[in-house]
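[1] Just the structure for this:
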Amino acid sequence: MSMRATRRAARSRRRRIGLTGGAVLALVAVGVLVHLVTASPPGPGTDTGRAAATPAADARTAVPAPAPTPPATASVAASARTSPSATAAATTAAAAAARPSATGTGRPVSATAALAGRIRPQTRYRGVATSYDAGDGDGACLYGPADDLMVAAMNTTDYESAQACGAYVLVRTSGGASVTVRIVNECPSPCTPGQLDLSTQAFAKLADLSAGRIPITWELVSPRTVGTLSVRYKTGSSRYWCAIQVIGHRNPVARLETRTAGGWRRLPRADYNYFLAEDGGGCGGAIRITDIYGEQLTVDGIALRPDAVQATRVQFAAH
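    Numbers count the residues shown, from 1 in each chain. Coordinates of the predicted model:
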């Protein structure tokens, strides 16, 4: 092949390559244009196009719609199944509300027992001890039968119209024997001032029963082993007349008051150890009890139920 023919063949190949490359470039350009047209954002008002363009990530972070509220009957049933403790708590609260409540008034307590009668703390009394058959432990103070027969009857002078009722006294002999007894009875004449008539069980702690009569000293005490006090309305009590008794008190009771529309009313004490509201004033309401040291306890919720011993949750302080 001549040189001229060779050159013409080379030029022809270059033209075919250029046409082919141009066609490829044209096709690429058309594809880009089509892509730009289809990817361009739609105009206003085309909601369907905007929703289609939202990324999937937005769907994951969107706030879910609230779940439908279950029917009331279903929620009540679920509570009943899953909250037995709530039912128990409600039952306990109702029982507590049914019990008498009691509080202290915060009144300053006197160490000198300014409200005491003849029997005063930190005072030693001299007398004699005798004995009697105490039976079931009841007596003039009308506390009723007692399980503990370490009890005694106080001479009329020191009994002081039932002010000695419920007092605890420590009795000693010259030989060093001792016993603590609770006053539940009155020892009339011929008992003399200072004399204690002890139950046979208590007397036996000091001497042989055959001794009959022994010299003693005794003094008021405030034992720490006493439980909470109770309140009782006397048989026949109503909202028109009532008599109220305090039982199981650590220290002698000096006063009892009932709350009336006009305020606190102090009741007189009968020699059979009940405080009387002869016109019914305050019967069935709150009661305020004061011991010889001036400590006051206010008790509420005592039902007007005659001859029923109703426990409280409080007690006077020990001295």
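[2] biggest strand in the protein by residues?
    Determined from DSSP state E, the single longest strand within the chain is strand 178-187.
[3] For that strand, which residues meet the burial criterion?
    179-187 (16 or more other C-beta atoms under 10 Å). No exception for glycine: its C-beta is placed from N, CA and C like everyone else's.
[4] for those, which one is nearest G117?
    Lowest distance from G117 to these (C-beta to C-beta) belongs to I183, with 12.3 Å.
[5] Next up, the contacts around that closest one.
    Contacts for I183 (C-beta atoms under 8 Å, 6 or more residues apart in numbering) come out as 141, 151-154, 159, 164-169.
[6] if you set the cut-off to 7 Å instead, what comes out?
    Contact analysis of I183 by C-beta atoms under 7 Å, 6 or more residues apart in numbering lists 152, 154, 164-167, 169.
[7] Throw the buried residues of strand 178-187 into CSV and include distance to P193 and pLDDT, thanks.
    Formatted as CSV, those follow (distance: C-beta to C-beta, whole Å; pLDDT from 0 to 100):
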residue, distance to P193, pLDDT
V179, 21, 98
T180, 21, 98
V181, 18, 98
R182, 20, 98
I183, 15, 98
V184, 19, 98
N185, 16, 98
E186, 13, 98
C187, 11, 98
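[8] ok so, going back, among the contacts of I183, which one lies nearest to S222?
    Among the contacts of I183, and counting by C-beta to C-beta, the member closest to S222 is A167, at 9.6 Å.
[9] Any stretches of the stretch 101-250 of the chain with poor pLDDT?
    Across the stretch 101-250 of the chain, the ranges flagged by pLDDT under 70 are 101-111.
[10] which residues in it form strands?
    In order along the chain, the stretch 101-250 of the chain carries the following strands (DSSP state E, counting those that start in this stretch): 101-104, 125-132, 151-155, 168-172, 178-187, 196-199, 214-221, 230-233, 242-247.
[11] Need the winner for burial among those strands.
    Comparing these on average neighbours per residue, with mean count of other C-beta atoms under 10 Å, the densest one is strand 151-155 at a mean of 26.
[12] Next, the angle strand 151-155 makes with the longest strand of the chain.
    Calculated by axes from the mean of the first three to the mean of the last three C-alpha atoms, to 10 degrees, strand 178-187 forms an angle of 50 degrees with strand 151-155.
[13] Please look at D300 and A286 and confirm they touch.
    Yes - between D300 and A286 there is a contact at 4.5 Å, judged by C-beta atoms under 7 Å.
[14] The two: who's more crowded?
    Using other C-beta atoms under 10 Å as the criterion, D300 and A286 rank with A286 on top: 18 against 14.
[15] residues touching that one, list them.
    Neighbouring residues of A286 by C-beta under 7 Å, 6+ apart: 259, 298-300.
[16] at 8 Å what do you get?
    Taking C-beta under 8 Å, 6+ apart as the test, what A286 contacts is 258-259, 298-300.
[17] element containing the nearest residue to L304 once chain neighbours are set aside?
    Among residues not flanking L304 along the chain, G284 sits closest, at 3.7 Å (C-beta to C-beta, 6 or more residues apart in numbering). Using DSSP states H and E, G284 falls within no helix or strand.
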